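1. Have a look at this prediction, sequence included:
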4 protein chains.
Amino acid sequence: MPPAHPFDEDKLKEECGVFGVVGVSDAANFVALGLHALQHRGQEAGGIVSHHPESGFASARRFGYVRDNFTKASLMETLPGSLSIGHVRYSTAGSKGQTQIRDVQPFFGEFSMGGAAIAHNGNITNADELRRELIERGSIFQSSSDSECIIHLMARSLQRNIPERMKDALRRVEGAFSVVAMTRTKLIGVRDPLGVRPLVLGKVGDGWVLSSETCALDIIGADYEREIEPGEMVVITQENGVESFHPFERKKSRFCIFEHVYFSRPDSILGGQSVYETRRQIGVELARESAVEADLVCPVPDSGTPAAIGFSHESGIPYGMGIIRNQYMGRTFIEPTEQIRNMGVRLKLNVNRALIRDKRVILVDDSVVRGTTSMKIKDMILDAGAKEVHFRIASPPTAWPCFYGVDTPEREKLLASHMSEDEMRDHLGVDSLRFISLNGLYRAVGEKDGRNAKSPQYCDACFSGEYPVAPRDMIANGFEVQAAE
Amino acid sequence: MPPAHPFDEDKLKEECGVFGVVGVSDAANFVALGLHALQHRGQEAGGIVSHHPESGFASARRFGYVRDNFTKASLMETLPGSLSIGHVRYSTAGSKGQTQIRDVQPFFGEFSMGGAAIAHNGNITNADELRRELIERGSIFQSSSDSECIIHLMARSLQRNIPERMKDALRRVEGAFSVVAMTRTKLIGVRDPLGVRPLVLGKVGDGWVLSSETCALDIIGADYEREIEPGEMVVITQENGVESFHPFERKKSRFCIFEHVYFSRPDSILGGQSVYETRRQIGVELARESAVEADLVCPVPDSGTPAAIGFSHESGIPYGMGIIRNQYMGRTFIEPTEQIRNMGVRLKLNVNRALIRDKRVILVDDSVVRGTTSMKIKDMILDAGAKEVHFRIASPPTAWPCFYGVDTPEREKLLASHMSEDEMRDHLGVDSLRFISLNGLYRAVGEKDGRNAKSPQYCDACFSGEYPVAPRDMIANGFEVQAAE
Amino acid sequence: MPPAHPFDEDKLKEECGVFGVVGVSDAANFVALGLHALQHRGQEAGGIVSHHPESGFASARRFGYVRDNFTKASLMETLPGSLSIGHVRYSTAGSKGQTQIRDVQPFFGEFSMGGAAIAHNGNITNADELRRELIERGSIFQSSSDSECIIHLMARSLQRNIPERMKDALRRVEGAFSVVAMTRTKLIGVRDPLGVRPLVLGKVGDGWVLSSETCALDIIGADYEREIEPGEMVVITQENGVESFHPFERKKSRFCIFEHVYFSRPDSILGGQSVYETRRQIGVELARESAVEADLVCPVPDSGTPAAIGFSHESGIPYGMGIIRNQYMGRTFIEPTEQIRNMGVRLKLNVNRALIRDKRVILVDDSVVRGTTSMKIKDMILDAGAKEVHFRIASPPTAWPCFYGVDTPEREKLLASHMSEDEMRDHLGVDSLRFISLNGLYRAVGEKDGRNAKSPQYCDACFSGEYPVAPRDMIANGFEVQAAE
Amino acid sequence: MPPAHPFDEDKLKEECGVFGVVGVSDAANFVALGLHALQHRGQEAGGIVSHHPESGFASARRFGYVRDNFTKASLMETLPGSLSIGHVRYSTAGSKGQTQIRDVQPFFGEFSMGGAAIAHNGNITNADELRRELIERGSIFQSSSDSECIIHLMARSLQRNIPERMKDALRRVEGAFSVVAMTRTKLIGVRDPLGVRPLVLGKVGDGWVLSSETCALDIIGADYEREIEPGEMVVITQENGVESFHPFERKKSRFCIFEHVYFSRPDSILGGQSVYETRRQIGVELARESAVEADLVCPVPDSGTPAAIGFSHESGIPYGMGIIRNQYMGRTFIEPTEQIRNMGVRLKLNVNRALIRDKRVILVDDSVVRGTTSMKIKDMILDAGAKEVHFRIASPPTAWPCFYGVDTPEREKLLASHMSEDEMRDHLGVDSLRFISLNGLYRAVGEKDGRNAKSPQYCDACFSGEYPVAPRDMIANGFEVQAAE
């Protein structure tokens, strides 16, 4: 059961996944597989760059799924070599206009000492400022992506080799970033000082792998070695293996807690913990915090499933699949007729009426964003004859936008930004609605004493409003950062 | 949870789904939605025919998924009118050569009294014989499909109207068929005398719907009215509503029991029973018949899930998702590189290692066909550190091919055709392997006293070898029909 | 210089070209080349059927040019074998609705003694009648093409082999037809009793070729053997070579004289005469019949060029290219913007102003159909500063529609159907307008004494209104056949 | 008669055409038409940029013909505004590797004072040097095109507005260039100081047009105003009309004489002279210089036609079309089968055997490059039964490569680089071979006293080896510039 959710439009979206490999023949094929396993982190487009000593750098960037593009022999043959990196990106449709193919990573730059390609997961919070400064000095930007700044900063560095130029560049960059890059001979990985986005190191045969998640190591049969540390840069060559650097000022780690709740795949390991088990444990905590009498614990598929299993175990209330997902919905309808658009929910989900009828139903979902789909699901369940509907949410109220590489609606569109739990319950018209507490969530991810309010162990800005890095461009645009209520 | 299975190549395949609607504007849009809900019954290709009084008949047939073809406004606008039928067909790749677009239904024939289109789920067991006879008399076949016989038989009927011609034609046809057809004004549905394949009637607004399954009524908000009876023909017009005929000699019903086990969607209702609940009950029966000490009940996703839930409930052993399915695998890789092809399983599934390690695991799957994928799954589970692996199968051993519209391997390729349960266990190398008994399966579908051996309530030829209709063409080709052991 | 014309929409259109070859390996490649050379006879779509003893019949039908479809190795590999036929068809857009791929020839039929494919150039004048009769008896038509009748008539023949069945069928057919067909081992060619459409026999290596025109023999390096005679059927096998039959009642030949004027390529040989030389000779005759003082003889490119050269030679007036054709206009703009559509002429032609200015210009064109483009050309020439414009037309006034395989506007849209030569001159606003006389045209094609009015040597119905075969279906629809004025 | 030639692979190729318009609504539609008329200057790819005050800059770049891409309403609607420029580029297949879409112009750069797009016809002879220098300073190149240097030089200029930045940039650039560029409000045109490549100014309604050739003014109904002068920059706005600047040191004009011979369309006006008339005059000069007794003057279509007409007029030998071009060959076969590739010539040309047989034939062609196709044509003509073959070439021997925007083979591949006229005659195996003299060519283009050897009026480096601008990058790569023999 993958973490996707039938109501993608009402979910927070991870914007990227990165993957790189060095030291195996036909490296790009491994990258394609890795990106396929990371597809849930970005479904709009993908790109792969490879390098072969004879033919030099090659690259391909395509809209659509990895499986539809990077599985064709005719394309993969154009990406030879034993060193390759890749990137998948999420659709950020609407708000920012249509993505152009030139916005699709990896980005490539030719420097006087040779070329480099770079793929980036995260968000640079001072990108606007950097871009203005670089244009003023004569840089020509080709994309609207914040990540392109890194390449231009590198081009202007006075350092004599590419890893040093990358250090120079990343020291000017603020925000969250997990970077996978390559030169003609080196695979490079970097995490920002807070380690907000994940990045792991693996070993496959004589080669090395960098990946956003461990599930992409599994798909190619690679062994998990360790996480890249917050603030660490690794430079990997076939000859010398992994060299580690710490180019930034040391800070306390603030990993994104929402990766545990929703973004990462349940079969990945984050910080040594199984994501599936963490989510099951969230369900256990939730059952402890907000028990209710009922006949059925029913997940909102597919992302609510592990928490629902945990809730059922802890509460003793039977688990059942009251909502059936249409498996052929992986891709949204590109050009739907009006009639179809208006049927949204039914296209993706159907209620298992025989199971729901006359039951008191606990619905377990991972989060509430705008609340629009919670409303539709409640309607479906009541139409099917449920006696009571109780929502249990596997995360605290999402009240603040993320500026670290996750696509969130504007603050005022987040239901929890202007409603209390009780107001939301009344708004949704359900018999009860309970979110897990922030402390409960911290306990589920393994912090026995819960959240350390003075120095939180994770980045939980979307729940708390406490931003570990000031979102400089947003503040310049008028966003007001506050402490959480 | 839809009935699809990550190892499609080792599953029996339903070959078709049919859908038709009369009396609603833009009927083809409803048909597109209905076919989308029936996509699990046929994923290779789909076709829609509609009729509008001004522009006459229109048709579109396409390879690929409904969502990728019949959602484009530019195509749907070419299919106007308030009367429309459609069809999805399964890929029967390999053995029978490449499907041509001319093999994609509905088929259309122009008769002297007007045109008719016809879509067919099932298989005509005397099609070869009929085709030879028709060609001898001067009919030109356009496809390699058995279903085209029906149109040619209709063209040669001496009857003066289309429903009567269809009766004439279907009385010459042997085998299993659920037919949805249309003339300029009539929607027609027929089930063969044994009622092997499903066909239901629904109501939407002032219009009427025919569908292979009820889940396709739900998607368009139609109300379920009743099943078409075995041997019944309904002729539906906007003016006169539903007229019922019984053109065939009456026989005792023999519905396909495998529809309950695997083919139909879990949110459909078959014979008044929830498919999900039937499958859960199979899990309960299975737990009763073949209990074993273990730490975890784990479904083989997605089709084994309801039975696994039932098994867990009955046995008290915790339910957990030990195998994670990659949601982006709905479509198989068209042109995979060699390297990817060899990684088959990992592309589609990943093991939840943290959950499996050191556990005694019960794996619940719906069926064993060739056994190739059971083998791979067992390997994955053991690699992940399971202490014991126990397979529990939600159907009896599949030992005989189906000739009634399901794509099965040749008999000798069915593992159960030449191995006992114990031999299969040793072959697969698992700690135990148990299938549900035929009586247990009958009990789960609601026959309290189990199977009536003298007059079985269902078609169970794939388990028993007792074929309710002699497969004439196959016998002519040398197939030996026997009674089950 | 090929016969195409920049104002295709105001030209008569040949509807088809046929080509077949037996006795060479990879025969379909030769057919592709032959069809490419015949592309001027039909530009909308093309199809090729081939047969290989191991894989049986194979076929491919595509919209668009031969060069865009039948040059791809991936497609051509699907058409193996040493026996193959093909067909190109013209766009008959508008009047008859959109062509479907099922209307594209060759047509294929499976008979009890094996399959046959058939490609047809011409028009069956009793097709409606035949179709009604065949449907009444139970034939199912798949296309809207008149040519499909032949296959159904063959299917119902009581003869025991395919050539005999084809004779049976073609004896029921009225109109003009040059047919190229194939069975598993035989290449078959037939011309109707009047021999209205061309068909020639060639030899390439050990194999044989049938083609609409000799220019398609040249492209594959085949030697021209002879024309198939009017009313002749040839049956060709690799073993026995060419066998000749005369299945029809013998009639006097009436070859289409317009093939000489416009349809055929100038590098083809018709009835032993060079088409280029005939057209040049038309120019000579025209100069004799309708001399005028002028400074420049200018062809309307490209089809008017040979006659303009002849006119210049005979008259002594210098030849010059006053109109320049844009070579990139081979294909019409599929989806032009409104703005572009309104610029029609300039897109395709430009005037050579420096040459035209202050000159008395003789424009030589091949025919006048609706007169719309003659008007536009005259405007262009006057805008460029010509002092006088004299039209000389290389065919007599086109006053009657063709029913023998040429796409003509309805009679009332033909300018010459309701205007005299002088009225046309005034209508077009030119200084003079003269058509070649019917006798002049006959002299140019080699009939020294001109037309034999009692028994014309050619079909010239489009000029004379004398139809050598009564257009039965058209008469049933109300068309009044008359003698020419 | 367009300037294209059936043996494109053995011709010099113009590499680009440019077009721009300001002051008309839907300007991009005009650009599409203009580029269509300039298609002969570049057939591989095309691009258009437009600007609309509301939506800003928009751009589309596509491989393939203008008519296949920029005629679709769906695309053209994405290019709104009253200011637009465009570019077509030639295929430079093979030598330089595959073109990427990012190499297709116009190029766009965002500067601090706004964006600019630029399209360039010509070649920058110090591009390698400039690129190295720019990369050293931190510029990131996106293409392999020499033209991208201009944008980066502009980005680094200290000037405060775009026209001034462009002057700065172009003063650093050496070689031949005709540039069309645009800002949000200005259309800009520049020609290099020698004026090697053409650029003309036109007026359409209230708007202004810049175009490589006048034939593209005709297609949109624009009036020809004047040529942009060598070394001139024009800055055009809707408000202020045309402002003229002369930013470069003044030099004597050296326009490319080969534009008269082959590159430009015959209906264009160059330097006040009709290209068609110049070419006819070349034929006249050629007949005077190298008369021979013969029966037929035959052009190698299509580019040899005007000279053949002139030769026939002057010599009195009849003109005739001995070689027929297949009109459907505009686009080369993308993926030809081996068999087809080997038939090269026949695919494109066919001999008019009836005309050629037993004749002494003068073949008039525009140039001889490698000589490979002259050989093939000679073979065809002799195979068709010609008694004698005399080649007359409308240009002097092409002995030197061009470095000013024309794609020429390396020097050693030019037949005339290592053979005298007599050696070439023997090599080709023809009865006689004569090129026009360099003085004859100068007389034909209007220089009554022929070439001024001390200060040639044109760039004729391809004939004389006298390069008016030292090809700096080529010299750095080892090319030895010499004076002509």
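-> Ah, there it is. Since we're looking at a predicted model, the values are computed, not measured.
2. Of all the residues in chain A, which one is nearest chain C?
-> residue A:74 (10.6 Å; C-beta to the nearest C-beta). For glycine as for every other residue, the C-beta is placed from the backbone atoms N, C-alpha and C.
3. Burial check on that residue, number of neighbours?
-> 7 (other C-beta atoms under 10 Å in any protein chain shown).
4. buried sites along the helix or strand containing it?
-> Residue A:74 is part of helix A:73-76 when elements are defined by DSSP states H and E. Residues of helix A:73-76 classed as buried by neighbour count (16 or more other C-beta atoms under 10 Å in any protein chain shown): A:75, A:76.
5. does that helix come close to chain D?
-> No: judged by C-beta under 8 Å from any C-beta of the partner chain, helix A:73-76 stays clear of chain D, getting no closer than 12.0 Å.
6. packing partners for that helix?
-> When contacts are defined as 3 or more C-beta pairs under 8 Å, 6 or more residues apart in numbering or on different chains; DSSP states H and E, helix A:73-76 packs onto helix A:27-37.
7. Only alpha carbons, please: show the helix it packs on as CSV.
-> Extracted in CSV, the C-alpha atoms of helix A:27-37 (Å, rounded to 0.1, in the frame of the first residue of the first chain):
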residue,chain,number,x,y,z
ALA,A,27,23.8,3.6,-14.4
ALA,A,28,20.9,5.5,-15.9
ASN,A,29,18.8,2.3,-15.8
PHE,A,30,19.3,2.1,-12.1
VAL,A,31,18.4,5.8,-11.8
ALA,A,32,15.2,5.1,-13.7
LEU,A,33,14.3,2.3,-11.3
GLY,A,34,15.1,4.5,-8.3
LEU,A,35,13.0,7.4,-9.6
HIS,A,36,10.2,4.9,-10.3
ALA,A,37,10.3,3.9,-6.6
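8. Past it, which element shows up next along the chain?
-> Assigned by DSSP H and E, the successor of helix A:27-37 is strand A:45-52.
9. For that following strand, which helices and strands make contact with it?
-> In this structure, strand A:45-52 makes packing contacts with helix A:27-37, strand A:56-63, strand A:83-89, judged by 3+ C-beta pairs under 8 Å, 6+ apart.
10. just checking, residue A:168 is part of a helix?
-> Yes: in this structure, residue A:168 lies within a helix as judged by DSSP: H, G, I helix; E, B strand; the rest coil.
11. where do the strands sit along the stretch 101-250 of chain A?
-> Per DSSP state E, counting those that start in this stretch, the stretch 101-250 of chain A carries strands over the ranges A:107-111, A:114-124, A:175-182, A:187-191, A:200-204, A:207-211, A:223-227, A:233-237, A:241-245.
12. Can you pull out the low-pLDDT segments for chain A?
-> A:1-9, A:14, A:91-98, A:329-346, A:482-485 (pLDDT under 70).
13. Point out the residues in chain A that sit beside chain D.
-> Residues of chain A lying near chain D (C-beta under 8 Å from any C-beta): A:102, A:109-112, A:132, A:135-142, A:151-152, A:155-156.
14. okay, the helices and strands packed on strand A:45-52 in CSV with distance to residue A:270 next?
-> Listed next are the helices and strands packed on strand A:45-52 as CSV, based on distance: least, C-beta to C-beta, whole Å:
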stretch, distance to residue A:270
helix A:27-37, 15
strand A:56-63, 29
strand A:83-89, 18
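15. what's the helix or strand for the residue lying farthest from the centre of chain A?
-> Distance from the C-alpha centroid of chain A peaks at residue A:358, with 38.1 Å (C-alpha atoms, centre = their mean). For residue A:358, there is no helix or strand it lies in under DSSP H and E.
16. show me what contacts it?
-> Neighbouring residues of residue A:358 by C-beta atoms under 8 Å, 6 or more residues apart in numbering or on different chains: A:385, A:386, A:387.
17. residue contacts, residue A:159?
-> Contacts of residue A:159 by C-beta under 8 Å, 6+ apart are A:165, A:167, A:168.
18. Kindly indicate which of the residues you listed lies nearest residue A:456.
-> residue A:167 (28.0 Å; C-beta to C-beta).
19. Contacts only, for the nearest residue to the closest one once chain neighbours are set aside.
-> Leaving aside its chain neighbours, residue A:167 sits nearest to residue A:247 (4.2 Å; criterion: C-beta to C-beta, 6 or more residues apart in numbering or on different chains). Residues near residue A:247 by C-beta under 8 Å, 6+ apart: A:167, A:170, A:171, A:231, A:233.
20. how near is residue A:247 to residue A:197?
-> Using C-beta to C-beta, to the nearest Å, residue A:247 is found at 17 Å from residue A:197.
21. same thing with residue A:356?
-> For residue A:356, the distance to residue A:197 - C-beta to C-beta - is 39 Å.
22. residue contacts, residue A:421?
-> Residue A:421 touches A:397, A:433, A:434, A:435, counting by C-beta under 8 Å, 6+ apart.
23. any chance of these in a markdown table, plus secondary structure?
-> Output for the contacts of residue A:421, formatted as a markdown table (three-state DSSP):
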| residue | secondary structure |
| --- | --- |
| A:397 | coil |
| A:433 | strand |
| A:434 | strand |
| A:435 | strand |
